[in-house]
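Asker: got a predicted structure here, sequence first:
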Amino acid sequence: MKVAVAMGGYSDESVISLRSGQLILKNLDPKHQGFEVHILPDGWHVLVDGQQIPLNRADFSFEYNGQKTTFDVVLNTIHGTPGEDGHMQAYWELLEIPYGGCNFYQSALTFNKRDTLSVLSKFNIPRAKSVYVSKGDDVSGEAIAGELGLPFFVKPNQSGSSLGVTKVNDLADFQKALDFAFAEDDDILIESFLKGTEISVGVIHYKGQTKVMGITEIVPHNDFFDYEAKYLGKSDEITPARLSAEVEARVIETASKVYEALGMTGFSRTDFIVMDGVPHFIEMNTNPGLSPQSIFPQQAAHAGMPFSDLLDNEIELALKRKVLWKR
């Protein structure tokens, strides 16, 4: 099969995505022919023999040496927009090109923190208290602190890799936190602080079942699990997490429930804070980082699951999705 490994994106996360794409290409079963496809602000292209060949956006194909190449399937590892917010998935679906991961609706839903929390509230998933604010709203730091307490988190509603996130310990820093978040998105989420153990849970749809691959405990060197902690080595990541058997079982049950409640397929990494033995949902990543520093590959290794098998599973799911389109 000709497999397009789509990587990059239009956000600051593109650098991480390009690393993730390399891991996929490295672990793709040799029976497939992998193509390095870059989706970047300066253009869409595929790398062939060290050359950047433009992609035809009309049908996601390219021509090289007079020969046109189309793809049998796409493995999507674009972080942020347009690959983690549903745009690329909808585009591929219109072209009837099967793709891995979740479909366009789940992708758009989970990229929107407010909407995800709204859906999960119907399933009684524990979470932080939150306030939703749009650019131009009159926001009182005192009112926020009165409702949520101090400290609290200010986050862009649609962003990944903790970009634009601030932990506000003092109201003197509130306006700076707002400006930082609004630089990423016109809508923000302000959440209460949960004091507990931060964990990240890898969940996939594997051989017809929801499978929790592993639970990783996050011990950030900084004040919270920010971009530096995630990608610059400023955290300790412990797999398996140091949880009691009872709490571990509760985490597995909750993570599986979240995955299924959101109608997920494909790779995912869901973050929780375990407070008083109860996992509280923070967010879900539908295109988790796959760089050497990333958590998801660590969990796959811990579970003894060869990455080539996981990628074959993704390709199989993608082909099954195309069959459903034809019904």
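Answerer: Sure thing, it's come through. Residues are numbered from 1 along each chain as shown.

Asker: per-residue pLDDT of residue 136, please?
Answerer: Here the pLDDT value assigned to residue 136 is 89.

Asker: what does residue 247 give?
Answerer: Residue 247 is assigned 98 on the pLDDT scale.

Asker: identify the residue nearest it in space, chain neighbours excluded?
Answerer: Leaving aside its sequence neighbours, residue 247 sits nearest to residue 277 (Cβ to Cβ, 6 or more residues apart in numbering; 5.2 Å). Every C-beta, even on glycine, is put in place using the N, C-alpha and C of the backbone.

Asker: what distance do you get for the one you found to residue 200?
Answerer: From residue 277 across to residue 200, the span is 18 Å (Cβ to Cβ, to the nearest Å).

Asker: neighbour-wise, which of the two wins?
Answerer: Shown here are residue 277 and residue 200; by other Cβ atoms under 10 Å, residue 200 has more neighbours (27 against 13).

Asker: look up phi and psi at the more buried one.
Answerer: phi -130, psi 130 (degrees, to the nearest 10).

Asker: contacting residues for it?
Answerer: Residues near residue 200 by Cβ atoms under 8 Å, 6 or more residues apart in numbering: 215-216, 218, 269-272, 295.

Asker: between those residues, which sits nearest residue 248?
Answerer: Nearest to residue 248 among the contacts of residue 200, counting by Cβ to Cβ, is residue 215 at 6.6 Å.

Asker: which residues touch whichever strand or helix holds that closest one?
Answerer: Secondary-structure element containing residue 215, defined by DSSP states H and E: strand 209-220. The contact list for strand 209-220, computed with Cβ under 8 Å, 6+ apart, reads 197-205, 225-226, 229, 234-243, 248, 251-252, 255-256, 259-260, 295-296, 298-300, 302-303, 305.

Asker: what about that strand, average pLDDT?
Answerer: 94.

Asker: and if you look at stretch 87-104?
Answerer: 96.

Asker: quick one: that stretch to chain centroid distance?
Answerer: Computed by Cα atoms, centre = their mean, to the nearest Å, the separation of stretch 87-104 from the middle of its chain amounts to 16 Å.

Asker: over to it now: how far is its first residue from its last?
Answerer: In terms of Cα to Cα, to the nearest Å, the two terminal residues of stretch 87-104 are separated by 7 Å.

Asker: how about the residue lying closest to residue 274 once chain neighbours are set aside, what does it touch?
Answerer: Computed as Cβ to Cβ, 6+ apart, the closest residue to residue 274 that is not its neighbour in sequence is residue 197, at 4.5 Å. Residues near residue 197 by Cβ under 8 Å, 6+ apart: 217, 241-243, 273-275.

Asker: same question, residue 98
Answerer: 72-74, 92, 318-319, 321-322.

Asker: give me the PyMOL select line for those, limited to the buried ones.
Answerer: The PyMOL selection below is limited to those of the contacts of residue 98 classed as buried (16 or more other Cβ atoms under 10 Å):
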select buried, resi 72+73+74+92+318+321+322
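
Asker: let's see which of the contacts of residue 98 end up in strands.
Answerer: 73-74 (DSSP state E).
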